[in-house]
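Enquirer: give me the fold of what follows.
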Amino acid sequence: MLIKQISVFIENKPGRLAEITDALARTGIEIRAFSIADTADFGILRLIVNDPEKALSALKENMMTVSVTKVIGAQIEDRSGSLNRVLQTLFDKGISVEYAYAFITRRENNAFVILRVENNEEAVSVLEKAGIKLLDPSEVYSI
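Expert: This is a model prediction of the structure:
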């Protein structure tokens, strides 16, 4: 039920993001979602891709500093309050969200949110009990 997210350390300099996307493109990797957090000197690029192992290998072959983090993918309706329901459910059980980012899909009336929490197993259990649809990794990779 957990999705593999690729995290890439990026020096904050012109062309660095293009180098990363080029390495992925040359290997046939398709980016499903991404988020960038930065400071003046560096950033972290977080990616959900169609083939995490192949992406990890391609990035390492290009001398990039990468890691894999397991995250949760939740499907939410595209309407007011849907994201709040997910976040409130976690908060009510004392589960802290470290970061989150969302992306839309071609599916009608739905969006996906990627969540990094302090305890994946507990969060999965809490969200499932609340009736929140969690995404199977193969479902996300094949979008």
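Enquirer: so for the longest strand along the chain, what gets flagged as buried?
Expert: Identified as the longest strand of the chain according to DSSP state E is strand 66-77. Buried residues in strand 66-77, counted by 16 or more other CB atoms under 10 Å: 66, 71-76. (Each C-beta comes from the backbone N, C-alpha and C, glycine too.)
Enquirer: which other helices and strands does whatever helix or strand comes next after that strand contact?
Expert: Proceeding N to C from strand 66-77, the next assigned helix or strand is helix 82-92, under DSSP states H and E. Under the contact criterion of 3 or more CB pairs under 8 Å, 6 or more residues apart in numbering; DSSP states H and E, helix 82-92 touches strand 66-77, strand 97-104, strand 110-117, helix 120-129.
Enquirer: in CSV: those, plus mean pLDDT and distance to residue 8.
Expert: Shown next, in CSV, are those (pLDDT from 0 to 100; distance: least, CB to CB, whole Å):
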stretch, mean pLDDT, distance to residue 8
strand 66-77, 94, 5
strand 97-104, 89, 15
strand 110-117, 89, 15
helix 120-129, 95, 21
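Enquirer: what are the phi and psi values at the spatially closest residue to residue 9 that is not a sequence neighbour?
Expert: Closest residue to residue 9 apart from its sequence neighbours, by CB to CB, 6 or more residues apart in numbering: residue 65 at 4.0 Å. Here is the backbone geometry of residue 65 (degrees, to the nearest 10): phi -90, psi 110.
Enquirer: relative to residue 43, how far out is residue 65?
Expert: From residue 65 across to residue 43, the span is 12 Å (CB to CB, to the nearest Å).
Enquirer: neighbour-wise, which of those two wins?
Expert: Each of residue 65 and residue 43 has its neighbours counted (other CB atoms under 10 Å); residue 43 has more, 17 against 13.
Enquirer: now do the same contact list for the more buried one.
Expert: 9-10, 12, 36-37 (CB atoms under 8 Å, 6 or more residues apart in numbering).
Enquirer: do the same with residue 33
Expert: Per CB under 8 Å, 6+ apart, neighbours of residue 33: 47-48, 101-103, 112, 114.
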